[in-house]
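1. Sequence first, predicted model second:
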Amino acid sequence: MPKIEKKQVVVQEIADKFRSAQTAVIVDYRGLNVEEVTELRAKARAAGIDYKVYKNSMMRFAAKETGFEGLLDVLVGPTAVAFCDSDPVAPAKLLSEFAKTHKALEIKAGMVDGKVLDVQGVQDLAELPPREVLAAKVLGGLNAPISGFVNVLNGNLRGLVVALNAIAEQKQA
């Protein structure tokens, strides 16, 4: 396979990942040693995140092809990208936590559901609670009015039972 075709295959792979990923976070890994990069890759794999290093030129072509021109400015220097198809918060959380303990890792930008995020946007995304917690809060919010309605109905029924009981006691007396 000629060299240009190999590059086109890689660009297409990156473009496909951008299209299918719910989230992508781009980082500068300069300053991390081999052990730290290996640790990061292992944590990413365990969380279902695809963490890869690509050439910036290939990333630029893929970003243009997928409409993520907002990422072009950050595609300089050593660049790695973390993609996740299943959890929109996982890459941001993982890389933010890792950057707290490994100051050499620098978050450059991100993408979530087709929108480009700056560094602050990635940090905000990382601070969101997990999907299960958000779902529980939503369900709790939906459940509260129903519980209130049931309590009101129970109160009316209790009042009716108390009144009927009082009438029955009066008639017995």
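-> Yep, it's here.
2. and the residue nearest the centre of the chain, what pLDDT?
-> To find the centre residue of the chain, average its C-alpha atoms and take the closest one (C-alpha atoms, centre = their mean): that gives residue 89, at 1.5 Å. Residue 89 carries a pLDDT value of 88.
3. for residue 40, same thing?
-> Reading off the confidence values, residue 40 has pLDDT 94.
4. Report the separation between it and residue 98.
-> From residue 40 over to residue 98 the distance is 6 Å, taken as C-beta to C-beta, to the nearest Å. Yep, even glycine has a C-beta here, placed from its N, CA and C like the rest.
5. neighbour count winner among those two?
-> Taking residue 40 and residue 98 together and counting by other C-beta atoms under 10 Å, residue 40 has the greater number of neighbours (23 against 19).
6. wait, what's in contact with the more buried one?
-> Residues near residue 40 by C-beta atoms under 8 Å, 6 or more residues apart in numbering: 29, 32, 51, 98, 102, 105.
7. Can you tell me which of the residues you listed lies closest to residue 84?
-> Sorting those by distance to residue 84 puts residue 51 at the head of the list, at 9.6 Å, by C-beta to C-beta.
8. Excluding chain neighbours, give the residue nearest to the closest one in space.
-> Excluding the flanking residues, the one nearest residue 51 by C-beta to C-beta, 6 or more residues apart in numbering is residue 44, at 3.9 Å.
9. show me what contacts that neighbour?
-> Contacts for residue 44 (C-beta under 8 Å, 6+ apart) come out as 50-51, 82, 91, 94.
10. Next: residue 172.
-> Neighbouring residues of residue 172 by C-beta under 8 Å, 6+ apart: there are none.
11. got the residue ranges for the strands in the protein?
-> Per DSSP state E, the chain has strands spanning 23-28, 50-53, 80-84, 106-112, 115-117. These are given in chain order.
12. Reformat those as TSV; add mean neighbour count, distance to residue 2 and mean pLDDT.
-> Formatted as TSV, the entries for the strands of the chain read as follows, by neighbours: other C-beta atoms under 10 Å; distance: least, C-beta to C-beta, whole Å; pLDDT from 0 to 100:
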stretch	mean neighbour count	distance to residue 2	mean pLDDT
strand 23-28	24	29	93
strand 50-53	16	23	93
strand 80-84	24	26	93
strand 106-112	22	31	92
strand 115-117	17	33	88
